[in-house]
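A.B. asks: Would you be able to build a 3D model of this:
(one chain, ligands or ions: 1)
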Amino acid sequence: MTTEFKTDTVKVSVEGKVATVELNRPESLNALDLEMIRGLAWNLKELCISDEVEIVLLKGAGRAFSSGGDIKTMLAGSNESDFYGIMESINELVTTLYSMPKLTISAINGAAAGLGFSLALATDYIMADPGSKLAMNFIGIGLIPDGGGHFFMKQRLGETKAKHHIWEGKPMTAAQALEIGLIDEVTEGDLNEAIAIKLEEWQQKPLQAMIKTKKIYAEENRTSLLKFLELEKYAQYKMRQTEDHKEGIQAFLEKRKPHFTGK
Ligand SMILES: C/C=C/C(=O)SCCNC(=O)CCNC(=O)[C@H](O)C(C)(C)COP(=O)(O)OP(=O)(O)OC[C@H]1O[C@@H](n2cnc3c(N)ncnc32)[C@H](O)[C@@H]1OP(=O)(O)O
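C.D. replies: You can find the predicted model right below:
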């Protein structure tokens, strides 16, 4: 049984077989705080048991998809058990999104960064506006990827390239991300029109067969994903204690380049 968790920071609308789930904190480029993480997980679980919905579209309100974990709330810090609670909420969200018995699409405009990008990578199909920036850039604030970022980057790029991109942490253009296989489509013209075309294309296919294929991969990868999420949970707690993480946050807030010391 899931605990009901309603929030204005996640908006869901259903039209026929398609549910649109919108991240809705546009003032921070849809930065993910705990309320939004839990609200998103709850809404996705509800959609998992819907008889009518077969496709779930994930998008962001305003000028970005998501800027990742809310850096401003990270400042407050958290003790070890609170932090593990946050990571467990993130992990529950990611396993729900990755394994839900629906087809999932991420439509990226503006930017998808950090945890926001991990969430996009957990979906079955990623389309991005040509002007968008894609960034597995946890390292910019002295952290490691979470939300299964290690797992999904490895799945799409292989381990060596995944490591190099995670260490580099620089935002990529949609065209660069498509070229290396990190996303599936750079849209042409209006993003909403491109979304409508994709939804129409999929709805003319045998959706049950598509969903079965998705479920086979999700089931086979389940143990591996859970292992990555568990490793990320403990490692991220250690990273949160470092001087580099504190400096990364401070530099972000002061809009300057961080000076890391390896401590
Ligand atoms: C548990 C999860 C952990 C993680 O996910 S760690 C990783 C966290 N995310 C990041 O490190 C990404 C940080 N953000 C960025 O790199 C950039 O932003 C973008 C590339 C996403 C977009 O850049 P641009 O279009 O130039 O926008 P802008 O001026 O940087 O941001 C607009 C406003 O949004 C706030 N904001 C951006 N990202 C976050 C965030 N992640 N948490 C909280 N606030 C954020 C800014 O501060 C600013 O606000 P103001 O207008 O008041 O200066």
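A.B. asks: In terms of secondary structure, what does the worst-scoring helix or strand of the chain on mean pLDDT contact?
C.D. replies: Every helix and strand of the chain was ranked by mean pLDDT, DSSP states H and E. The lowest is helix 71-74, at a mean of 88. Applying 3 or more CB pairs under 8 Å, 6 or more residues apart in numbering; DSSP states H and E, we find helix 71-74 packed against helix 243-253. Bear in mind the C-beta positions are built from the backbone N, C-alpha and C, glycine included.
A.B. asks: From the contact counts, what lies against the helix it packs on?
C.D. replies: When contacts are defined as 3+ CB pairs under 8 Å, 6+ apart, helix 243-253 sits against helix 71-74.
A.B. asks: distance between the helix it packs on and the chain's centre?
C.D. replies: Offset of helix 71-74 from its chain centre (CA atoms, centre = their mean, to the nearest Å): 17 Å.
A.B. asks: Sort out which residues of it are buried, please.
C.D. replies: 71, 73-74 (16 or more other CB atoms under 10 Å).
A.B. asks: try stretch 110-128
C.D. replies: Quick answer for stretch 110-128 (16+ other CB under 10 Å): 110-128.
A.B. asks: That one vs the ligand: in contact?
C.D. replies: Yes - Stretch 110-128 reaches the ligand (CB under 6 Å from any ligand atom) through 111, 113-115.
A.B. asks: Can you flag which of these belong to helices?
C.D. replies: 114-115 (DSSP state H).
A.B. asks: can I get the residues of stretch 110-128 next to the ligand in CSV with pLDDT?
C.D. replies: Converted to CSV, the residues of stretch 110-128 next to the ligand look like this (pLDDT from 0 to 100):
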residue, pLDDT
Ala111, 97
Ala113, 98
Gly114, 98
Leu115, 98
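A.B. asks: What residues does Ala19 make contact with?
C.D. replies: 12-13, 47, 50, 53, 55-57, 102 (CB atoms under 8 Å, 6 or more residues apart in numbering).
A.B. asks: farthest-separated two in these?
C.D. replies: Across the contacts of Ala19, the longest distance by CB to CB is 15.0 Å; it joins Ser13 and Lys102.
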